[in-house]
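K.L.:
dropping a prediction and its sequence here:
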There are 2 protein chains.
Amino acid sequence: LPPAAINEIATAIRRGSVQALSRGLSWIEAGGDRAEAIVGALYPGLRDSHIVGITGAAGSGKSTLVAALAKEARRRGLTVGVLAVDPSSPFTGGAILGDRVRMSELFDDPGVFIRSLATRGELGGLCRAAAGSVDLLRAAGYQLVLVETVGVGQDEVDIARVAHTTVVVSVPGLGDDVQTLKAGLFEVADIHVVNKADREGAGETAAQIGAMLALGLSLTTACATMWQAPVISTVALRGEGVADLLDSIMAHLARMRARGELQSRERRAAESRVLKLAQAMVADTLRQPGASGAGFDAELDRVARRELSPYACARGLLNRAAPGKK
Amino acid sequence: LPPAAINEIATAIRRGSVQALSRGLSWIEAGGDRAEAIVGALYPGLRDSHIVGITGAAGSGKSTLVAALAKEARRRGLTVGVLAVDPSSPFTGGAILGDRVRMSELFDDPGVFIRSLATRGELGGLCRAAAGSVDLLRAAGYQLVLVETVGVGQDEVDIARVAHTTVVVSVPGLGDDVQTLKAGLFEVADIHVVNKADREGAGETAAQIGAMLALGLSLTTACATMWQAPVISTVALRGEGVADLLDSIMAHLARMRARGELQSRERRAAESRVLKLAQAMVADTLRQPGASGAGFDAELDRVARRELSPYACARGLLNRAAPGKK
């Protein structure tokens, strides 16, 4: 695709064309040169959207909570982008009827854009696509971007890291209550939600989370001005507690902004993203024999024959992957 | 450390000094420049050792099987290196008394070298250390190298890939019999072992594995000359079936060698290892602000401020990581 065509789509995305945005997101999902080109064209001058990650175990009602949050945000006049990184999310279309009826209201609202992202086989590929998709939603000007992820695995934790505010959703009676702890999600939570709070055991779940937070605080050198993750009870299906949750999300952003923490968080996310991209570029070079050159194939043969050290060969690969050295 | 000192240790390792080997293995485990230097010094001219991976769930008696295999190999006049990549392995010293008594015979034999490798936090780091350790055991001339890994996670499957022959150990009555299937280990097995074969349900477990293998064969275009993974029953604690297992391990190597498959396997292992090393080098560059230069820190700041695309920054990182371009 010629640069002019990329710029045309980029301009259309900035102007708010839903069609252009959908096309750009497909490029992101497919990866490769076009993903790099569209992010490159849109990245300088991305808007100050508030990126909120919503994560938690399957069955915690994340999608319903995301839908309820989107509606509440619309009530307050904010435009909303939703990115569902979860193959089982009702947003992906594989939903039961009740879910789709609840969400149809959102689908009809021009102030809301909803997109789901399919899992890609390649390790880290999902993460890359999620970050690029968030870029495009920011470029399109959505003020609140909700990223729904199923809370399992390293990729999920990494995706949570691109968010300014991370909401971790628990539910009462899902067997093991410390599942978010095991999944490495507990520590990335800026806000804890106990959803389906009308169920039996909701109080205990909230108390348990509170106790773990208190333990964590006692182990760190807590200062008075530190953000303390609140525990908010919701019944997303009936919209209960959702306004409180959005208030808390907004308060977290304001606090981060006032203390200069938003910048350091974006810096950390940038570092992690750049590293992953660079590593993926190295892998891509290896996968394309044409790009890496016949010379490199011969070098790999020499490693296999134990004539050349794998370290020396790896340094050769880096030289080939580095632009301008092909 | 000056190159002369590295070469001195390398020469001593080649000559069979256990002390030098231990020191070299500590360098490998610590990673960094010394690991690269010692592998670089020893890699050209590594011996034709037979690398055998032994993997399976905790409680499958892998360590006992490894010890029994080592004893059987000694009886046949082979020297044996054992690398235990499993924090719960009796080889690491955290063993119960009975295990240590059974293994003390091995510890006293100068024809056997035993080393355990502790898990490192960094993703892929264990894999890197395992490959380097195997190199050193080869350089030292051990004819049979047994690598014991606990069969969980991607790292374990990758470690299995450095082996010429991979033995996957199952036991009857460990609840879910298809656990090796779930862990992605089933497909990397060259030989299946049902250990603790004197237990109830051993016949069923072996039959189940056989049925899965038959199913796999029916799904591929099986040719008559293909290696068909045997299913061998053992009682490692009493040495039963262990001679059969070693015969089968040797037969697998002979078959691979005769059909030229050993080379293609070493080529695949080399490719995967070089890619991981190159990616780790990229990560190392990012972690050392001095090495990557103040200019790169400034670039990351620009990514965080949305002035520079993360892709452009990643290409810059590759240039910095590539040797000769710092």
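P.N.:
Received the coordinates, thanks. Numbers count the residues shown, from 1 in each chain, chains lettered A, B, ... in the order given.
K.L.:
name the helix or strand for A:C127, please.
P.N.:
Assigned by DSSP states H and E, A:C127 falls within helix A:125-139.
K.L.:
gap between A:L69 and chain B?
P.N.:
As judged by CB to the nearest CB, to the nearest Å, A:L69 and chain B stand 25 Å apart. Placement of C-beta: from N, CA and C, glycine included.
K.L.:
how about that residue, what does it touch?
P.N.:
Counting by CB atoms under 8 Å, 6 or more residues apart in numbering or on different chains, A:L69 makes contact with A:52, A:54, A:146, A:242, A:245-246, A:249.
K.L.:
pretty sure it sits in a strand.
P.N.:
No - counting by DSSP: H, G, I helix; E, B strand; the rest coil, A:L69 is not part of a strand but helix.
K.L.:
quick revisit: partners of whichever helix or strand comes after the helix holding A:C127 in the sheet?
P.N.:
Sequence-wise, the next helix or strand downstream of helix A:125-139 (DSSP H and E) is strand A:144-150. Applying DSSP bridges to the sheet, strand A:144-150 is found paired with strand A:50-56 (parallel), strand A:80-85 (parallel).
K.L.:
taking helix A:125-139 as reference, get the angle to the last one.
P.N.:
In other words, strand A:80-85. If you take axes from the mean of the first three to the mean of the last three CA atoms, to 10 degrees, strand A:80-85 sits at 170 degrees to helix A:125-139.
K.L.:
got the buried residues for strand A:80-85?
P.N.:
Buried positions in strand A:80-85, judged by neighbour count with 16 or more other CB atoms under 10 Å in any protein chain shown: A:80-85.
K.L.:
got the CA positions of that strand in PDB?
P.N.:
Once non-C-alpha atoms are left out, strand A:80-85 reads as follows in PDB (Å, rounded to 0.1, in the frame of the first residue of the first chain):
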ATOM      1  CA  VAL A  80     -16.500   5.600  24.400                       C
ATOM      2  CA  GLY A  81     -14.400   3.000  22.600                       C
ATOM      3  CA  VAL A  82     -14.600  -0.600  23.700                       C
ATOM      4  CA  LEU A  83     -11.900  -3.200  22.800                       C
ATOM      5  CA  ALA A  84     -12.800  -6.700  23.900                       C
ATOM      6  CA  VAL A  85      -9.700  -8.900  24.000                       C
END
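K.L.:
quick check: mean pLDDT of it?
P.N.:
Averaging pLDDT along strand A:80-85 gives 92.
K.L.:
how about the residues of the stretch 151-300 of chain A near chain B?
P.N.:
A:154, A:263, A:266-267, A:269-271, A:273-275, A:277-279, A:281-283, A:286, A:300 (CB under 8 Å from any CB of the partner chain).
K.L.:
residues contacting stretch A:295-315, please?
P.N.:
The contact list for stretch A:295-315, computed with CB under 8 Å, 6+ apart, reads A:286, A:289, A:316-317, A:320, B:36, B:39-40, B:43-46, B:131, B:263, B:266-267, B:269-271, B:273-275, B:277-278, B:281, B:322-323.
K.L.:
which stretch of helix or strand covers the residue nearest to A:G56 when sequence neighbours are not counted?
P.N.:
Spatial nearest neighbour of A:G56, chain neighbours left out: A:V169 (3.2 Å); criterion: CB to CB, 6 or more residues apart in numbering or on different chains. Assigned by DSSP H and E, A:V169 belongs to strand A:165-170.
K.L.:
what is that strand packed up against?
P.N.:
Counting contacts by 3 or more CB pairs under 8 Å, 6 or more residues apart in numbering or on different chains; DSSP states H and E, strand A:165-170 is packed against strand A:50-56, helix A:179-182, strand A:191-194, helix A:242-258.
K.L.:
how about 6 Å then?
P.N.:
In terms of contacts (3 or more CB pairs under 6 Å, 6 or more residues apart in numbering or on different chains; DSSP states H and E), strand A:165-170 is packed against strand A:50-56, strand A:191-194.
K.L.:
now do the longest one: distance to the chain's middle.
P.N.:
In this case it means strand A:50-56. Strand A:50-56 sits 7 Å away from the centroid of its parent chain (CA atoms, centre = their mean, to the nearest Å).
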